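**Student:** got a predicted structure here, sequence first:
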Amino acid sequence: MSSNATTHGLWEKTAPPAPVTSELNDLVQSDVVIVGGGFTGLSTSLHLAQLGISAVVLESFDLGFGGSGRNVGLINGGMWVMPDDIPSVLGPVYGERCLKLLSEAPSLVRSIIEAHDIQCELEKNGTLHLAVGQGGVQEIQERQRQWVSRGAPLEILDAEETARRTGSSAYSGSLFDPRAGTLQPLAYVRGLAQAAMNAGARIFHNSPVIEAQRQGDGWLVKTKKGSVVAKWVVVATDAYSTGPWKIVRAEQVHLPYFNFATAPLSDNLRKTILPNREGCWDTKEILSSFRMDQSGRLIFGSVGALRNTGHSVHEAWARRSLKKVFPQLGEVDFESAWFGHIGMTSDAVPRFHKFDENVIGFSGYNGRGIAPGTTFGRVLASYISGKMSDDELPLPTTEPKAQAFRALKEAYYELGAQVAHFTDVRL
């Protein structure tokens with residue numbers, strides 16, 4: 001069971017093969033060059049190609065190498081912060097526009113998957129935000145109130161119904177979001193790439209960008225072995241940014257998040273644990289999440305990095321926690337383990353940057369990459385094509401700014417998660 005820095009755990013094991021791509025070894029021309037082969041970059045390339053605009057994607061490693069191929073696979077509507085917090089940060093116009101767009105984002109993901117027959121274990125039965133104690137109940141009630149006031153069909157479930165849907169009596173209630181669902185994220189990334197290539201986009205892996213410079217009215221973007229000449233540059237590297245736009249990484253604090261996947265559960269256990277396959281996460285400050293894949297593996301995760309002493313601490317905690325939440329499981333065997341980094345902005349809302357003339361990008365998804373990344377990719381394509389104006393963008397344009405004490409905060413989160421989970425294991 002490996003959890004090194006390059007593994008994608010269960011997702012690598014169960015995803016269909018990636019489409020055939022190559023390294024960039026020549027000088028090529030395109031209308032747009034997209035840096036990053038994750039949800040945002042591949043969605044942008046697909047939507048550009050569908051508009052008849054040529055697009056080249058440059059990925060430093062393999063498609064979905066960063067956060068896109070490492071996450072839990074929840075297709076969520078909105079962000080994890082309370083809906084009312086977003087207008088308070090972005091202002092009423094941008095805030096409500098962004099909320100509406102992201103509320104509809106899971107529907108866009110589903111429509112793309114269905115239109116292109118992407119085999120990614122799509123589940124459309126919603127998600128459950130699980131309340132821990134009375135404080136958790138108050139939190140989900142307030143979240144539901146704020147979303148319902150905006151027309152979203154979220155529903156509060158009592159403890160009994162929550163236990164029936166999860167197979168656990170550990171929770172005081174839950175917030176059911178029928179807009180949402182789950183998928184196999186690396187399979188979705190690879191499917192997006194194939195759909196984009198089918199539409200005419202060109203994609204290159206193992207082609208990190210090392211330099212970008214103005215050339216006439218466009219840009220010359222260089223890799224180690226090749227270059228792209230394009231009028232537009234889309235920066236879609238987010239929390240894993242390096243090279244010319246490493247400032248995107250610097251304005252985010254990395255929050256590590258791990259997942260363990262069990263061996264497939266027996267038929268009897270599958271009938272009681274998440275029989276509808278909703279994706280779940282709880283209201284604890286150091287949250288936990290769990291979901292089921294289509295083969296009946298239970299995927300259980302929380303904050304922390306599986307490296308150094310972290311692997312043994314978090315694995316022991318995960319085993320203990322699963323016994324508490326699902327006592328019917330007994331002893332569990334973990335088949336896979338992996339972790340990645342969530343990029344957290346200072347105010348927990350995404351960013352739209354204009355790095356230079358015709359150099360743009362969205363970033364800062366704060367743990368909600370699938371639906372926002374896909375949707376912002378479509379927005380970027382609309383903006384570049386001229387179908388969307390500056391006044392219609394879902395976010396204001398801001399200057400990227402490095403977060404103060406970023407390294408210290410990241411060390412605190414990684415160590416703090418170990419301390420919390422070590423203490424919990426010993427109780």
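**Tutor:** Now that the structure is in, tell me what you want to look at. Just so you know, these numbers come straight off a predicted model, no measurement behind them.
**Student:** how about the strands in the stretch 151-300 of the chain?
**Tutor:** With DSSP state E, counting those that start in this stretch as the criterion, the stretch 151-300 of the chain has strands at 155-158, 173-177, 181-182, 202-204, 209-215, 218-223, 227-235, 253-262, 279-282, 288-292, 298-303.
**Student:** most tightly packed of these?
**Tutor:** strand 181-182 (a mean of 28; mean count of other CB atoms under 10 Å). For every residue, glycine as well, the C-beta is placed using N, CA and C.
**Student:** how far out from the middle of the chain is it?
**Tutor:** In terms of CA atoms, centre = their mean, to the nearest Å, the centre of strand 181-182 is found 12 Å from the chain centre.
**Student:** let me see the mean pLDDT of it.
**Tutor:** Mean pLDDT, computed over strand 181-182, is 98.
**Student:** tell me the helices and strands packed up against it.
**Tutor:** Counting contacts by 3 or more CB pairs under 8 Å, 6 or more residues apart in numbering; DSSP states H and E, strand 181-182 packs against strand 74-75.
**Student:** for residue 377, which of the strands of the stretch 151-300 of the chain is the nearest?
**Tutor:** Proximity to residue 377 (CB to CB) singles out strand 227-235 among these, at 8.6 Å.
**Student:** what angle separates that closest one from strand 218-223?
**Tutor:** 100 degrees (axes from the mean of the first three to the mean of the last three CA atoms, to 10 degrees).
**Student:** in its sheet, what does strand 227-235 sit against?
**Tutor:** Note on strand 227-235: by DSSP bridges, its sheet partners are strand 27-35 (parallel), strand 218-223 (antiparallel), strand 359-363 (parallel).
**Student:** and the ones you listed, which is most packed in?
**Tutor:** For the strands paired with strand 227-235, the largest average neighbour count (mean count of other CB under 10 Å) is found in strand 359-363, namely a mean of 24.
**Student:** now the strands paired with strand 227-235 in CSV, with mean pLDDT and distance to residue 304?
**Tutor:** Listed next are the strands paired with strand 227-235 as CSV, based on pLDDT from 0 to 100; distance: least, CB to CB, whole Å:
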stretch, mean pLDDT, distance to residue 304
strand 27-35, 98, 29
strand 218-223, 98, 34
strand 359-363, 98, 23
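**Student:** how about the contacts made by the closest residue to residue 62 other than its chain neighbours?
**Tutor:** Residue nearest to residue 62 in three dimensions, not counting chain neighbours: residue 205, with 5.4 Å by CB to CB, 6 or more residues apart in numbering. Applying CB atoms under 8 Å, 6 or more residues apart in numbering, we find residue 205 in contact with 21-23, 37, 59, 61-63.
**Student:** just give me the neighbour total for residue 351.
**Tutor:** By the measure other CB atoms under 10 Å, the count of residues near residue 351 is 24.
**Student:** surely residue 144 meets residue 153?
**Tutor:** No: Residue 144 lies out of contact with residue 153 (CB atoms under 8 Å); the separation is 10.1 Å.
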